[in-house]
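Visitor: Structure, please.
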Amino acid sequence: QVQMAESGGRVVRAGGGLRLSCIVSGSTFNRYPWAWFRQAPGREREFVAAVSWSGGNTNYADAVKGRFTISRDNAKNTVYLQMNNLLPEDSAVYYCNAVRPENGRWVPDFDFWGLGTQVTVSS
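Guide: Numbers count the residues shown, from 1 in each chain. As a prediction, this is how the structure comes out:
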């Protein structure tokens with residue numbers, strides 16, 4: 001049974017940085033690309049960043065390109081999101097999930113989610 005546990009979110013001032021972690025239980029972590037998504041109040045969940053199974057390839061949403069860095073440690077079953085130069089519009093609950101490419105987009109591979117971690121950026 002795969003479970004995702006996100007952590008690292010907190011209140012931070014605009015311009016600051018945070019590192020989020022997602023620890024994945026189960027033995028399937030290394031088989032998948034993994035990604036971060038986020039959901040702000042009143043908005044749909046949106047893709048943020050993805051990393052290949054090896055960690056060698058990454059993709060980012062335009063809104064975070066140049067500010068966020070996704071990485072993974074397969075020995076620790078963990079995917080990270082380093083967020084720098086945070087903006088108030090980055091405020092959201094952040095989630096991780098395995099992903100697959102579909103019609104030019106990364107879509108979640110599992111139909112369940114962890115609890116997420118809240119990031120709040122104050123102006």
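
Visitor: buried sites along stretch 5-15?
Guide: Glu6, Gly8, Gly9, Val12 (16 or more other C-beta atoms under 10 Å). C-beta: built from backbone N, CA, C; applies to glycine.

Visitor: Mind putting the residues you listed into CSV with distance to Glu46?
Guide: Formatted as CSV, the buried residues of stretch 5-15 follow (distance: C-beta to C-beta, whole Å):
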residue, distance to Glu46
Glu6, 16
Gly8, 19
Gly9, 16
Val12, 20
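
Visitor: need those in TSV with distance to Gly66, pLDDT and secondary structure, can you?
Guide: Rendered in TSV, the data for these read as follows (distance: C-beta to C-beta, whole Å; pLDDT from 0 to 100; DSSP: H, G, I helix; E, B strand; the rest coil):
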residue	distance to Gly66	pLDDT	secondary structure
Glu6	23	98	strand
Gly8	20	98	coil
Gly9	21	98	coil
Val12	18	98	strand
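
Visitor: contacts for stretch 4-17?
Guide: 18-25, 82-88, 93-97, 113-123 (C-beta atoms under 8 Å, 6 or more residues apart in numbering).
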